[in-house]
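Colleague: I would like to see how this sequence folds:
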Amino acid sequence: MRPWTILWVLTLVAACGEVRLAEQVSRLSPSTGGPEHQAMVQPGTPENMDAAKYRNGSSLWNGGRGSLLGDRRALLRGDIMTVVVEIDEQAEFSNSSSRNRSGSEGLSIPSLLGIPQRINEGLPAGASLDAAVSLNSSSSASGDGAIRRNEKLTLRVAATVTEVLPNGVLRIRGSQEVRVNFEVRELLVEGYVRPEDISRQNEITYDKIASARISYGGRGMISDVQAPRKGQQVIDQILPF
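Modeller: Below you'll find the predicted structure:
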């Protein structure tokens, strides 16, 4: 087989492998098996079963969640609410420091029972004990620092109540994935909310979520190309300069 034929075959195999790798990187996560799915498929709490006893399809005025005037806010495990994230924050810090210091020390022995004069006679020309020791020192330091940040993020995502704590606080978790070609945009929201902070529209803003964890990112071909190669990352860790 000719060398150029072998090179062509290897190039074709490498290209096919690259496409398969891109498909694996940008593959969507399964929607089953996670904490949100487990919260929905497991049996309801006693409150859920008790509420079902009072539902009456022929009445519009009962207190059930399915009635016209019922409370449809997410309150039980497996319920779904909407999380509204609108982050528009700016921060700017500026610091400046300065320090100056100077010192001077001197020691002279003009006369001490005639001893300095006798010593001066034996010293080389120009040397004298009249100014035995003289020290001068000075130091200065200054520093400037500035930090400026501007962040803006607006999005909405559905979250599921995965746990109802003993004090009534709800633990929520929401995830969302959108795939365009070989690039996947990932969104994750998690935290704790109070039932009274949920609006009548079954929505809650991010600033009312305790221990909020909001992640917005992506993975796929574009993200892989923008990341440095593995060898370059290793070299960056090894090189001392």
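Colleague: check contacts around the nearest residue to Leu153 once chain neighbours are set aside.
Modeller: The shortest distance from Leu153 to any non-neighbouring residue, by Cβ to Cβ, 6 or more residues apart in numbering, is to Ile87 (4.3 Å). The way it works is simple: take the backbone N, C-alpha and C, and place the C-beta from them, glycine included. Ile87 is in contact with 151-154, 206, counting by Cβ atoms under 8 Å, 6 or more residues apart in numbering.
Colleague: do the same with Asn150
Modeller: Asn150 makes contact with 89-90, according to Cβ under 8 Å, 6+ apart.
Colleague: and Ser102, how far is that from Arg179?
Modeller: Counting by Cβ to Cβ, to the nearest Å, the gap between Ser102 and Arg179 amounts to 67 Å.
Colleague: Settle it for me: which of those two has more neighbours?
Modeller: Between Ser102 and Arg179, counting by other Cβ atoms under 10 Å, Arg179 is the more crowded of the two (15 against 9).
Colleague: So for that one, what's the pLDDT?
Modeller: Model confidence at Arg179, given as pLDDT, is 88.
Colleague: ok, now Cys16?
Modeller: The score at Cys16 is 49. That number is its pLDDT.
Colleague: just the one 5 residues further on next, same as before
Modeller: Predicted confidence (pLDDT) at Leu21: the value is 53.
Colleague: just the strands in this protein please.
Modeller: Here the chain has its strands, by DSSP state E, at 80-107, 133-164, 170-180, 183-193, 203-205, 210-220.
Colleague: and the first one, which strands flank it?
Modeller: Taking DSSP bridges as the criterion, strand 80-107 forms sheet pairs with strand 133-164 (antiparallel), strand 203-205 (parallel).
Colleague: Repeat that for the fourth one.
Modeller: In its sheet, strand 183-193 lies beside strand 170-180 (antiparallel), strand 210-220 (antiparallel), with partners assigned from DSSP bridges.
Colleague: looking at these, which is buried most?
Modeller: Using mean count of other Cβ atoms under 10 Å, the stretch among the strands paired with strand 183-193 with the largest mean neighbour count is strand 170-180, at a mean of 18.
Colleague: Not counting its own residues, what contacts it?
Modeller: For strand 170-180, the surrounding residues in contact (Cβ under 8 Å, 6+ apart) are 26, 28-29, 34-36, 74-75, 81, 83, 157-165, 184-195, 209, 220.
Colleague: Please apply the same query to stretch 209-217.
Modeller: In contact with stretch 209-217 (Cβ under 8 Å, 6+ apart) are residues 83, 85, 153, 155, 169, 172, 185-193, 206.
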